[in-house]
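Asks: Make a model of this:
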Amino acid sequence: QGKLEPALQTYRRLIAEDPSGPAAPDFQNEIIQAYTKMGKKEDTLAEIDRLLKNYGKQSSWARTNAANQDAVKTAEEFIEKGLRTVAINYHNEAKKLKTGSQAAQTYALAERAYEVYIQEFPESKYSYEVRYSYSELLYTIKKFDSAYDQYMKVVSIDTKGQHSRFCAESAIFAAEEMIKREAKAGGGAGPDPGKKTEPLPLSDWEQKQLKALDQFRELFPTDPKARNIIYKSACLLYNKNQFKEASERFNVVISMDPKSKEAEQAANLILDSFALVEDWDSLKKNSKFYFDQAGLGSESFKKEVYG
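Replies: Predicted structure coming up:
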């Protein structure tokens, strides 16, 4: 650090002598590199913020040097690489630290770098990987709402990408966590005491989870978890008394593998829905249909539905 302090003073003096000069971003970048080597995380990020503010696309420096596109491009590259590198490095360090105040502080600095990167370079060639890492950080620090947004964005960038299947499933989990928070906060409509089977609207986060569930089903129809994903989406609707929509999904589950545990559960819930709305004709008709369907349900299931 002793050798780096004089270097910092030199670069600051060079910037002060010609703040609008084409070399100013280079000097600012050297300051960033010096703080990085010194292990001063907050100072490093502060200097990247200064690089962005003083030499970014909207800066007076960029307007002054508009005719020198090479210098403008170089400044932008410094900003992009600086933010990306700091975000990933701090994130990795935080993961190694795991818990404690130092870990929390490092996660916060990484989060800030990721956030600024996404704002400044939303369509960069590194966006897919950066957003994937950012989403994982957000999930780790329990910012599930923002994690959901980033998981969904990763999938939308490249549905066949390396992390897309993982992110498609993780979005479901993130939405599930937000549904739990909604429930604790008393969110969501309750049933009318006199109309226990009246369809209820999905809450905001139930809608988002349904979107994530349907996305997974559409993108990964042959995935081993696809049947369970469809079953989960059906249950989400069933629990809101949206029986018609739920039954359509339950029947898909049954058709995928009548011998599966989910298929038997799906058939039971369809029959239960008819009983709840007192549609006895449909209950009798479908009970016979499921009884006759080869491979569907256990022996006890067959006896129960049409014994």
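Asks: low-confidence ranges in the stretch 51-200 of the chain?
Replies: Along the stretch 51-200 of the chain, the model assigns pLDDT under 70 to residues 187-195.
Asks: if you set the cut-off to 80 instead, what comes out?
Replies: 186-196 (pLDDT under 80).
Asks: Show me the helices in it, by range?
Replies: Ranges of helices within the stretch 51-200 of the chain are 60-64, 69-97, 101-120, 127-140, 144-157, 164-185, based on DSSP state H, counting those that start in this stretch.
Asks: how far off helix 127-140 does the last one point, in degrees?
Replies: Between helix 164-185 and helix 127-140, the angle formed by their directions is 30 degrees, by axes from the mean of the first three to the mean of the last three Cα atoms, to 10 degrees.
Asks: same for helix 164-185, what does it pack against?
Replies: helix 127-140, helix 144-157, helix 204-219 (3 or more Cβ pairs under 8 Å, 6 or more residues apart in numbering; DSSP states H and E). For every residue, glycine as well, the C-beta is placed using N, CA and C.
Asks: same question, the fourth one
Replies: If you count contacts as 3+ Cβ pairs under 8 Å, 6+ apart, helix 127-140 packs onto helix 69-97, helix 101-120, helix 144-157, helix 164-185.
Asks: buried ones in the shortest one?
Replies: Spelled out, it's helix 144-157. 144-155, 157 (16 or more other Cβ atoms under 10 Å).
Asks: re earlier: mind checking which of the helices of the stretch 51-200 of the chain is nearest S287?
Replies: helix 164-185 (32.1 Å; Cβ to Cβ).
Asks: Send over the closest one as CSV, restricted to the C-alpha atoms.
Replies: Coordinates of the C-alpha atoms in helix 164-185 are reproduced here as CSV (Å, rounded to 0.1, in the frame of the first residue of the first chain):
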residue,chain,number,x,y,z
SER,A,164,-32.2,-20.9,-17.9
ARG,A,165,-33.8,-24.1,-16.6
PHE,A,166,-32.4,-23.4,-13.2
CYS,A,167,-33.6,-19.8,-13.2
ALA,A,168,-37.1,-20.9,-14.5
GLU,A,169,-37.4,-23.1,-11.5
SER,A,170,-35.9,-20.7,-9.1
ALA,A,171,-38.4,-18.0,-10.1
ILE,A,172,-41.1,-20.4,-8.8
PHE,A,173,-39.3,-20.7,-5.5
ALA,A,174,-38.8,-16.9,-5.2
ALA,A,175,-42.5,-16.3,-5.9
GLU,A,176,-43.4,-19.0,-3.3
GLU,A,177,-41.4,-17.0,-0.7
MET,A,178,-43.2,-13.8,-1.6
ILE,A,179,-46.6,-15.6,-1.3
LYS,A,180,-45.6,-16.6,2.3
ARG,A,181,-44.8,-13.0,3.0
GLU,A,182,-48.2,-12.0,1.6
ALA,A,183,-49.9,-14.5,3.8
LYS,A,184,-48.1,-13.2,6.9
ALA,A,185,-49.1,-9.6,6.0
